[in-house]
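Q: Next one to model:
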Amino acid sequence: MSRWLTEAVPRGRVAAFRTLIYLFVAADLVIFTPWVRTRVSVPGDLYQPLLIGRLLPLPTPTETLVTVIFWALLLLALLAATGRAPRLLGWAVCALYLEWMIIAMSYGKVDHDRFGLLVALAVLPTAGRARHGDTTRTEAGGWALRVTQIAVICTYFLAAFAKLRFGGLDWLTGSVLARAIIRRGTDLADLIAQVPYLLIVAQFGIVAFELLSPVVFLLPPRWRLAMVGFFYSFHAVTIATITISFAPHLAAMTSFLPLERVRPLVWARRLVGRDTSGSAPTDAPADTGTGPAPPDRGPVGAGAERALDDQAPALGRPAGP
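A: Residues are numbered from 1 along each chain as shown. As a prediction, the model looks like this:
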């Protein structure tokens, strides 16, 4: 089990995941949760902090406190996205974002789509330094990604557990989705709702999918990526029908993906270089086959041909030599 938890991954994957997560935190402040700043206009008596807020304890939010957290978190998240000072900036972003979420969720509503993101912020500082495109492997980075993956799957599995615990079997056969469509449904949802019993079937399917989500860890790499693709398609349908995005959860779920292959800056440089070389003449002699052989691709080139996701399943032979 310890070998599975700390299975090494390319440092480039850790660097890409780190950049994505910290950029999402910055975007979250200005796009998804700017409403947190309005909490200062709510009477302090309505602030009922979560358990962690009572244990620490944390102060009742004020306009000054929320403003300082907002701007400090925005600046530090953007700096952390560069990969510099990963431990110092990482722990600072984790602490500030945790406080941001405690303020957001201490007025009667707690969103479970933040769990995976919070875990990612907590473990990324332990991954150490990582540069984009680096193919050397790191167990510390592998552990950070694996723990985030576990948190993502726990979000699904525990959501099903909560449905059955508080709603019982009535959640499966009731009008949960029908009420959601009435409250915030789209035109597509209205069309789906007209099909007899389809919403009931969908409710059974949702619970089954959430209960079976841990199976993703038992699949070989390509099938695992296919199942993660199904996870994303499920959320795409959710957004298209009842306009619930689960954006923080989707960001954390990228821990399953071979992000080291996504390098927009390199692609942009190649595109610019291709345009330049296409317009400029060249006097380079043609390859006659008599010159020195091109350098061997070595382990970096070989690594590029590995499976898209080379993390091993929980059971079976580990990936790699």
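Q: quick check, residue 161 in a strand?
A: No. Looking at residue 161 with DSSP: H, G, I helix; E, B strand; the rest coil, it is helix, so not inside a strand.
Q: what sits against it?
A: Neighbour list for residue 161: empty [criterion: C-beta atoms under 8 Å, 6 or more residues apart in numbering]. C-beta here means a position set from N, CA and C on the backbone, and glycine is covered the same way.
Q: Endpoint to endpoint, stretch 109-124 covers what distance?
A: 27 Å (C-alpha to C-alpha, to the nearest Å).
Q: Buried residues of that stretch, list them for me.
A: Buried residues in stretch 109-124, defined by neighbour count with 16 or more other C-beta atoms under 10 Å: 113, 114, 115, 116, 117, 118, 119, 120, 121, 122, 123, 124.
Q: Using the three-state scheme, assign the third one.
A: Classification of residue 115 into helix, strand or coil gives helix, according to three-state DSSP.
Q: Make 49 the starting number, not 1.
A: Got it, first residue is 49 now, which makes that one residue 163.
Q: Which pLDDT value goes with it?
A: Per-residue pLDDT puts residue 163 at 95.
Q: what residues are up against the spatially most central residue of the chain?
A: For the chain, residue 300 is the residue whose C-alpha lies nearest the centre (C-alpha atoms, centre = their mean; 1.6 Å). For residue 300, the contact set (C-beta under 8 Å, 6+ apart) comprises 69, 164, 165, 167, 168, 196, 199, 200.
Q: Could you rerun that using 10 Å?
A: Neighbouring residues of residue 300 by C-beta atoms under 10 Å, 6 or more residues apart in numbering: 65, 68-69, 72, 161-169, 196-197, 199-200, 203, 294.
Q: Among these, which are located in strands?
A: Using DSSP state E to define strands, no part of the contacts of residue 300 is located there.
Q: Go through those and flag which are in helices.
A: Of the contacts of residue 300, the ones assigned to helices by DSSP state H are 65, 68-69, 72, 163-169, 196-197, 199-200, 203.
Q: Residue 142: neighbour count?
A: A total of 20 residues lie near residue 142 under the criterion other C-beta atoms under 10 Å.
Q: now for the helix or strand harbouring it, which elements pack on it?
A: In this structure, residue 142 sits in helix 134-152 according to DSSP states H and E. Packing partners of helix 134-152 (3 or more C-beta pairs under 10 Å, 6 or more residues apart in numbering; DSSP states H and E): helix 59-75, helix 99-103, helix 111-128, helix 163-171.
Q: Flag every buried residue along the shortest one.
A: Which is helix 99-103. residue 101.
Q: Mind giving me the packing neighbours of that helix?
A: Using 3+ C-beta pairs under 10 Å, 6+ apart: helix 99-103 touches helix 134-152.
Q: Mean confidence (pLDDT) on the helix it packs on, please.
A: 96.
Q: starting at the chain centroid, how far to that helix?
A: Between the centre of helix 134-152 and the centre of its chain there are 16 Å (C-alpha atoms, centre = their mean, to the nearest Å).
Q: sorry, back to before: quick one: the helices and strands packed on helix 134-152 as CSV, columns for distance to residue 151 too.
A: Listed next are the helices and strands packed on helix 134-152 as CSV, based on distance: least, C-beta to C-beta, whole Å:
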stretch, distance to residue 151
helix 59-75, 15
helix 99-103, 8
helix 111-128, 7
helix 163-171, 14
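Q: Mean pLDDT lowest where, among the ones you listed?
A: Looking at those, the weakest mean confidence is helix 99-103, a mean of 88.
Q: Just the residues contacting that one, thanks.
A: 95-97, 106-108, 146-147, 149-151, 153-154.
Q: Roughly how far does residue 218 sit from residue 248?
A: 11 Å (C-beta to C-beta, to the nearest Å).
Q: Which residues are in contact with each of these two?
A: Contacts common to residue 218 and residue 248, judged by C-beta under 10 Å, 6+ apart, are residue 224.
Q: With neighbour numbers in mind, choose between these two.
A: residue 248 (16 against 10).
Q: Just give the nearest non-adjacent residue to the more buried one, would you?
A: residue 221 (6.2 Å; C-beta to C-beta, 6 or more residues apart in numbering).
Q: wait, doesn't the one you found sit right on residue 255?
A: No. Residue 221 is beyond contact range of residue 255, at 11.1 Å (criterion: C-beta atoms under 10 Å).
Q: Which of the two has more residues huddled nearby?
A: The neighbour comparison of residue 221 against residue 255 (other C-beta under 10 Å) goes to residue 255, with 19 against 11.
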